[in-house]
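K.L.:
Fold the stuff below for me.
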Amino acid sequence: MFKKNEKQTEKLFERYLLADKLYESLKTDVNQEVSDDEARVMRVKQIYITDQAKAQSYLTQLQEKGLIELHTKGKYSYINALVSEDGYRENLTEQLVDEWYEGSTLDLVANLYKDEKLTEEDKQKLRRMLDELDD
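P.N.:
Okay, here's the model as predicted:
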């Protein structure tokens, strides 16, 4: 059950990032007369949901997990994220390390290295990060 919700949440973030990318490309060379906060609200208003029951169920689950705050006024629902994308990513990573690597970040990195999932660029960044820890 947890895996399904995790995959749904990942899909939600993928859609958000795609929408964000589209928004950024559309606003290029446009004189904006609104604040960043208003622009975020406008992006949210662009979401189109075809199955209202599924959408409500999913929003309820996110609310119960403390990820969003949901307010309804009339026929409109207002959703506020309570966890930033970075915060959510950090939480997922911690869960991954705890559940699959018994709390060992080193084992996670070793597994990525062993399976050759680290590019040369990734390895260089990792070396720089480790060097910064020594400083």
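
K.L.:
which regions of the chain sit below the pLDDT cut-off?
P.N.:
Low-confidence segments of the chain (pLDDT under 70): 1-4, 23, 25-49, 135.

K.L.:
what about the helices in it?
P.N.:
Taking DSSP state H as the test, the helices found in the chain are 2-27, 36-44, 52-64, 85-101, 105-114, 120-134.

K.L.:
Can you check which of those gets nearest to residue 76?
P.N.:
helix 36-44 (10.7 Å; CB to CB). Where C-beta positions appear, they are placed from N, C-alpha and C, glycine not excepted.

K.L.:
before we move on, back to that, including distance to residue 78 and mean neighbour count, could the helices of the chain go into CSV?
P.N.:
Shown next, in CSV, are those (distance: least, CB to CB, whole Å; neighbours: other CB atoms under 10 Å):
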stretch, distance to residue 78, mean neighbour count
helix 2-27, 16, 11
helix 36-44, 8, 12
helix 52-64, 11, 13
helix 85-101, 19, 12
helix 105-114, 38, 12
helix 120-134, 39, 10
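
K.L.:
Mind putting these into a markdown table with distance to residue 76?
P.N.:
Listed next are those as a markdown table, based on distance: least, CB to CB, whole Å:
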| stretch | distance to residue 76 |
| --- | --- |
| helix 2-27 | 19 |
| helix 36-44 | 11 |
| helix 52-64 | 13 |
| helix 85-101 | 24 |
| helix 105-114 | 42 |
| helix 120-134 | 44 |
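
K.L.:
Right, I'll leave it there.
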